[in-house]
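S.K.: Quick one, structure for this:
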Amino acid sequence: MRRSFRNRGQGMTEYIIIVAVVAILSLAVILKFGNQIRDLFFTSGSQLAGEEQKVTNKMDAGDVDKSSIKDL
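M.R.: Have a look, this model is predicted:
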């Protein structure tokens, strides 16, 4: 009986470690790419709703002159 409790505790500890690593990696990805992900979902939602796409970033605009790019 004692032996099965130890094995179950070891499995639970491994599971907790895996969940913690996944949570930390998820937070890192959200912090790194949060704005791009938000823009992607906003653009997709707007297109599904039938709204026109608005340029939210100067780098997306085709008519931006080259001198203003270095100011970004």
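S.K.: For Gly50, grab phi and psi.
M.R.: Backbone torsions of Gly50, given as degrees, to the nearest 10, read phi 90, psi 10.
S.K.: An error on my part: the question was meant for Glu51.
M.R.: Dihedral angles (degrees, to the nearest 10) for Glu51: phi -80, psi 160.
S.K.: roughly how far apart are it and Phe41?
M.R.: For Glu51, the distance to Phe41 equals 14 Å [CB to CB, to the nearest Å]. For the C-beta atoms, the positions are set from N, CA and C on the backbone; glycine is no exception.
S.K.: for Ile16, same thing?
M.R.: Per CB to CB, Ile16 is found 31 Å from Phe41.
S.K.: Which helix or strand contains Arg8?
M.R.: Following DSSP states H and E, one finds Arg8 within helix 2-49.
S.K.: if you average pLDDT over that helix, what comes out?
M.R.: Average pLDDT, helix 2-49: 89.
S.K.: Phe42 - how many residues pack around it?
M.R.: When neighbours are defined as other CB atoms under 10 Å, Phe42 has 13 of them.
S.K.: got it, and Thr43?
M.R.: The number of residues packed near Thr43 is 15, by other CB under 10 Å.
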